[in-house]
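> give me a model of this one.
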Amino acid sequence: MQRLYAFIRRHPTLVDGFWAVILLGFSVMQWDASQTGHGLHHVKAVPVFLGLCTAVALRRRAPEKMLLLVTVLGVAQLVFDISTTPADFAMLVLIYTVAADGARWASRFGLIGGLCAGTLAQLRWHEGPVPTWVQQTVFAVVATVPFVLAWVMGDSVRTRRAYFAQLEERAARLEREREAQSKVAVAGERARIARELHDVVAHNVSVMVVQADGAAYVLDASPDQAKQALETISSTGRQALAEMRRLLGVLRTGDAQESGEYVPQPDVQQIEDLVEQVRVAGLTVDFRIEGTPRPLPSGVELTAYRIVQEALTNTRKHGGPDVGASVRLVYFDDGLGLLVEDDGRGAAHELYQDGGADGQGHGLIGMRERVGMVGGTLDAGPRPGGGFRISALLPLKPAH
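The predicted model follows:
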């Protein structure tokens, strides 16, 4: 059936031609049944109902022209006293067509013609004794109703199509605006992340400078301290190089004023303090650490802290009353795992689909950007049984 419907939608003229052939068949049957009458037996009736059937077949290709053709044929019927045939149903079809798809002038013209057709047919052809004016009026009104209904149905279809087109245009415009907002949010998040990473790298370089000055100062008096300082410089320098490689891939905008002072960014150890602050604010949080804690690259620690911070913020914003959350940090041999869950209402679908372009905080966009910069993976979405879950895996070595 789906193939049949698709074929019909692809070939509307073929469908109209089929109904035109049906009308032609009924007209021919009436022709044979009324040979002794005064109407269809006349040779002039043949081109009339052939033209009416042709108008039905081509109504979608040229509705205005077919309406004019039907009008001319209707006038010919009145002039040559050709009584009505089944092919006259084409008038109703054309009035509906121009009301739904034709130009505005054709729609108005079709309505006027339909209002006149029933009255003219009643005056031109009537059987039996001459009816009174009351009977004529009633018959004319009854004969006009089908034409009016055809026009009303067509105009309703036109209005509905215009309404749907407006909705589609509005949806497309909102989608474009949403994509633009998402791009702006990504650019803003990358700029902010770049500034933070810049501070991390600058802090590491500052540590290297301080350690180098200390090593030079105690080189002769305490070689062991100088050696320890050099080892610190070596490890800090490698870490700074790793952060700089990530920094090179980030577009940084100059919309923020630099203070000239560089301070270390939040790390994993401060997550416990963050959880305690959230608890004081009224949110119940279960915090657990699995594995053996050890020093991590500054970028990984900053990313882990920001993910937990944003996840708990979203829990407070979208979780609803009496919501509880859990934060779990897992130290693997080659990475750090994060799992933040809550049992609240969860965020709406549009807040996390397509990266979390919610047009407001863009929190999930920032998470994905941060995790992507350290070569990790992030999964965010509804939690089975209710609530929301954010799971991240941060490798200790950047992906190549």
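
> all strands for this structure, in order.
Here the chain has its strands, by DSSP state E, at 284-290, 324-331, 335-342, 377-382, 388-395.

> mind putting those strands into TSV with distance to T313 and mean neighbour count?
C-betas here are computed from N, CA, C, even on glycine. Formatted as TSV, those follow (distance: least, C-beta to C-beta, whole Å; neighbours: other C-beta atoms under 10 Å):
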stretch	distance to T313	mean neighbour count
strand 284-290	12	14
strand 324-331	11	18
strand 335-342	11	22
strand 377-382	13	16
strand 388-395	11	21
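
> want to throw those strands into a markdown table with mean pLDDT?
Shown next, in a markdown table, are the strands of the chain (pLDDT from 0 to 100):
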| stretch | mean pLDDT |
| --- | --- |
| strand 284-290 | 92 |
| strand 324-331 | 92 |
| strand 335-342 | 92 |
| strand 377-382 | 90 |
| strand 388-395 | 92 |
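
> D81 is nearest to which of these?
strand 377-382 (75.3 Å; C-beta to C-beta).

> so what strands line up beside that closest one?
Take DSSP bridges as the rule and strand 377-382 pairs in its sheet with strand 388-395 (antiparallel).

> hmm, back to that, the strands of the chain: which one's closest to A55?
A55 lies closest, by C-beta to C-beta, to one member of these: strand 377-382, at 57.3 Å.

> chain center to the closest one, what's the gap?
Relative to the chain's own centre, strand 377-382 is displaced by 21 Å; criterion: C-alpha atoms, centre = their mean, to the nearest Å.

> so for R176, which of the strands of the chain sits nearest?
Nearest to R176, of all the strands of the chain, is strand 377-382, at 24.6 Å by C-beta to C-beta.

> ok, the closest residue to V371 other than its chain neighbours to I307 distance?
Nearest non-adjacent residue to V371, counting by C-beta to C-beta, 6 or more residues apart in numbering: L378, 4.3 Å away. Per C-beta to C-beta, to the nearest Å, L378 is found 8 Å from I307.

> shared neighbours, the two?
Residues touching both L378 and I307 (C-beta atoms under 8 Å, 6 or more residues apart in numbering): 367, 371, 390, 392.

> ok, the residue nearest the centre of the chain - contacts?
The centre of the chain sits closest to E175, judged by C-alpha atoms, centre = their mean, with a distance of 5.4 Å. Remark: with contacts taken as C-beta under 8 Å, 6+ apart, E175 is in contact with nothing.

> quick one: low-confidence parts of the stretch 51-200 of the chain?
For the stretch 51-200 of the chain, the stretches with pLDDT under 70 are 126-133, 135, 197-200.

> contacts only, for the closest residue to T71 other than its chain neighbours.
Leaving aside its chain neighbours, T71 sits nearest to G113 (6.0 Å; criterion: C-beta to C-beta, 6+ apart). By C-beta under 8 Å, 6+ apart, the contact set of G113 is 67, 71, 74, 91, 95, 147.

> which among those gets closest to Y331?
I95 (77.9 Å).

> for that closest one, which non-adjacent residue is spatially closest?
The spatial neighbour of I95 that comes closest, neighbours along the chain excluded (C-beta to C-beta, 6+ apart), is G110 at 4.2 Å.

> try L312
In space, and not counting its chain neighbours, L312 is closest to V278: 5.1 Å by C-beta to C-beta, 6+ apart.

> again, but for R288
Per C-beta to C-beta, 6+ apart, closest to R288 is R328, 5.1 Å.

> mind checking how far Y331 is from P293?
In this view, Y331 and P293 are 6 Å apart by C-beta to C-beta.

> to clarify, my last question referred to V184.
With distances taken as C-beta to C-beta, V184 is found 38 Å from P293.

> thinking again about what came up before, same list (the strands of the chain) but as a markdown table, adding distance to R316.
A markdown table is the format used below for the strands of the chain (distance: least, C-beta to C-beta, whole Å):
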| stretch | distance to R316 |
| --- | --- |
| strand 284-290 | 10 |
| strand 324-331 | 9 |
| strand 335-342 | 9 |
| strand 377-382 | 16 |
| strand 388-395 | 12 |
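
> out of those, which comes closest to S27?
Using C-beta to C-beta, these put strand 377-382 closest to S27, at 63.4 Å.

> what's the angle between the closest one and strand 335-342?
Here the directions of strand 377-382 and strand 335-342 differ by 10 degrees (axes from the mean of the first three to the mean of the last three C-alpha atoms, to 10 degrees).

> contacts for strand 377-382?
307, 346, 352, 356, 364, 367-368, 371-372, 388-393.

> can you check stretch 338-346 too?
Residues outside stretch 338-346 that contact it (C-beta under 8 Å, 6+ apart) are 304, 307-308, 311-312, 315, 318-320, 323-330, 382-383, 385-394.

> where along this protein do the helices fall?
Secondary structure of the chain (DSSP state H): helices at 2-10, 12-33, 45-57, 63-79, 89-100, 104-124, 133-218, 223-248, 271-280, 298-318, 363-373.

> just say which of the ones you listed is most tucked in.
Highest mean neighbour count among the helices of the chain (mean count of other C-beta atoms under 10 Å): helix 89-100, with a mean of 25.

> just checking, what packs against that one?
Helix 89-100 sits against helix 45-57, helix 63-79, helix 104-124, helix 133-218, with contacts defined as 3 or more C-beta pairs under 8 Å, 6 or more residues apart in numbering; DSSP states H and E.

> on that earlier part again, look at the residue nearest to L312 and report its pLDDT.
We have a pLDDT of 81 for V278.

> and what of the one 5 residues further on?
At L283, the predicted lDDT confidence score is 81.
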